[in-house]
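*Asks:* sharing a sequence plus its predicted fold:
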Amino acid sequence: MASQKGQTLLEMILRFGIVGVVVTVFNFVAFIALLQLGLRHLPATALSWLPSVGLAYVLNRRKTFDMPGPMQFGEMMKYAAASVLQLGLSLADMAVLVDGLSVPPSIACLLNIAVVSGSNFLVLKCLVFRSNAPASGPEPASIRP
């Protein structure tokens, strides 16, 4: 099954996974650096998350979903909303697993990654980076600032 620019769904999922690993490493390094600067874990989490969302947007747009043309403000806002949704889902999922079901936090984290990553891929593919071009027609015109 081919998708944007002839990519198969499997290729998209693999690229999404690779981007996820790169962004996770970036986030972790930023988090550790902020801790070393004396920040506590919650502010360090928030401050490392923000640039990670920006990096994830750029890499997912270009590498995972192979979107043509310049970045669009509306698309960036959809991505930001999807990221906040992802954060909310992640926090709710962890609360249910750890506090409600007494799953050990390390196991809950792994389960949470699977749930949130899968739902995030679907939201990004279907709502943020969906191709608006007809299958055999020209690509839509880009608006350049």
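*Replies:* Cool, the structure landed.
*Asks:* would you map the helices across the chain?
*Replies:* 9-36, 41-59, 73-94, 105-123 (DSSP state H).
*Asks:* closest to residue 66 out of the ones you listed?
*Replies:* With C-beta to C-beta as the criterion, residue 66 lies closest to helix 9-36 of the helices of the chain, at 8.4 Å. Every residue, glycine included, has its C-beta placed from N, CA and C.
*Asks:* okay, now residue 33: neighbour count?
*Replies:* Look at residue 33: counted by other C-beta atoms under 10 Å, it has 13 neighbours.
*Asks:* any idea how far it lies from residue 21?
*Replies:* 19 Å (C-beta to C-beta, to the nearest Å).
*Asks:* what number of residues lie near the closest residue to residue 115 other than its chain neighbours?
*Replies:* Among residues not flanking residue 115 along the chain, residue 93 sits closest, at 5.6 Å (C-beta to C-beta, 6 or more residues apart in numbering). For residue 93, the count of nearby residues is 19 (other C-beta under 10 Å).
*Asks:* before we move on, what about residue 31?
*Replies:* Residue 31, neighbours per other C-beta under 10 Å, totals 19.
*Asks:* hmm, it is touching residue 48, no?
*Replies:* Yes: between residue 31 and residue 48 there is a contact under C-beta atoms under 8 Å: 4.1 Å.
*Asks:* check contacts around the closest residue to residue 104 other than its chain neighbours.
*Replies:* In space, residue 104 comes closest to residue 98 once its chain neighbours are excluded; the distance is 7.8 Å by C-beta to C-beta, 6+ apart. Shown in contact with residue 98 (C-beta atoms under 8 Å, 6 or more residues apart in numbering): 104, 105, 108.
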